[in-house]
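Q: Structural data only, the sequence is not supplied:
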């Protein structure tokens, strides 16, 4: 079968270089890499590959994440689509493992992601080292390299690394492009997958490594998008999403929040946004 790897990019050239280096080290190469640029021009002087690297462009001042994934999926030629966040370096077995599990169990498959400290890749990519120093997100399950495990719910969808057939992507209807900016589009897509009857699994052996970037807690820099997209999700599905971030905003007096409505009381100040920036030793929110 043919396999396309898809990634979304705004800035992050060094991270894209490392993602490509990881694909170059793969035991099975993809048939192509599709880069959906949320910027005007592609990055130049990227590493050479023995598979095509194709670019599509998606306009929008705010991060058009759902639209960019849809454009990448439409442009892709692969029967299997591997969505890999630009912050992720694939392990040598990631593409192979997603390919092995395409027929059985099929559906949408989620791979393990380990978070790396800030200077982990300064000396190049040493996968044995990354395995030792990478940290699993506490909300995600450990999984053996040969294990396949059904997810407890489709709400487990994790956009950093997943594989799905092009047919199942279309069956679910792709992503809802009304979601713009940070948050909500992946949870909405998970609901679409569940409605379409596409099963979801955790798959061992498809490990990726998350390259470090600064995180904010609370996510004040995405305040407007989180509120807007949470309201959209509730209007669409009759339930909430992003409760973690909304809880932060509610506790700090930025919103009033109940089962039906989100009322904005004030936006975060510039000082609050600056103070929410975490030190480099914090790997995830």
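A: Ah, there it is. None of the values given here were measured: they were computed from a predicted structure.
Q: tell me which residues of the lengthiest helix in the chain are tucked away?
A: Across the chain, the longest stretch assigned as helix under DSSP state H is helix 223-237. Buried residues in helix 223-237, defined by neighbour count with 16 or more other Cβ atoms under 10 Å: 223, 225, 226, 227, 228, 229, 230, 232, 233, 234, 236. To be clear about C-beta, it is placed using only N, CA and C from the backbone, and glycine gets the same treatment.
Q: for those residues, which one is nearest residue 185?
A: Closest to residue 185 out of the buried residues of helix 223-237 is residue 229 (7.2 Å), distances taken as Cβ to Cβ.
Q: Chain neighbours aside, what residue packs nearest to that closest one?
A: Sequence neighbours aside, residue 184 is the residue nearest to residue 229 in space, at 3.3 Å (criterion: Cβ to Cβ, 6 or more residues apart in numbering).
Q: From residue 52, how far out is the one you found?
A: 32 Å (Cβ to Cβ, to the nearest Å).
Q: Residue 237: what's it in contact with?
A: If you count contacts by Cβ atoms under 8 Å, 6 or more residues apart in numbering, residue 237 has them with 188, 191.
Q: With respect to residue 274, which of the buried residues of helix 223-237 is nearest?
A: Ranked by distance to residue 274 (Cβ to Cβ), the buried residues of helix 223-237 are led by residue 223 at 13.6 Å.
Q: follow-up on the earlier one: any chance of the buried residues of helix 223-237 in a markdown table, plus pLDDT and distance to residue 42?
A: Shown next, in a markdown table, are those (pLDDT from 0 to 100; distance: Cβ to Cβ, whole Å):
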| residue | pLDDT | distance to residue 42 |
| --- | --- | --- |
| 223 | 96 | 31 |
| 225 | 96 | 25 |
| 226 | 96 | 29 |
| 227 | 97 | 33 |
| 228 | 97 | 29 |
| 229 | 96 | 28 |
| 230 | 96 | 33 |
| 232 | 97 | 31 |
| 233 | 96 | 32 |
| 234 | 96 | 37 |
| 236 | 96 | 34 |
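Q: Could you chop this protein up by domain?
A: Under automatic domain parsing, the residue ranges defining each domain of the chain are 3-210, 220-275.
Q: So which of those is the most surrounded?
A: Stretch with highest mean neighbour count among the domains of the chain: domain 3-210 (a mean of 18; mean count of other Cβ atoms under 10 Å).
Q: tell me how far that one is from the chain's mean position?
A: Averaging C-alpha positions (Cα atoms, centre = their mean, to the nearest Å) puts domain 3-210 6 Å from its chain's average.
Q: how long is that domain from one end to the other?
A: 22 Å (Cα to Cα, to the nearest Å).
Q: go on, stretch 26-41?
A: Stretch 26-41: ends 27 Å apart by Cα to Cα.
Q: can you check stretch 213-228 too?
A: 25 Å.
Q: need the contact list for the residue nearest to residue 54 when sequence neighbours are not counted.
A: Nearest non-adjacent residue to residue 54, counting by Cβ to Cβ, 6+ apart: residue 34, 5.3 Å away. Residue 34 sits next to 4, 5, 6, 7, 54, 55, 56, 72, 75, 76 when contact means Cβ under 8 Å, 6+ apart.
Q: Look up how far residue 72 lies from the fifth one.
A: Residue 54 is 9 Å from residue 72, where distance means Cβ to Cβ.
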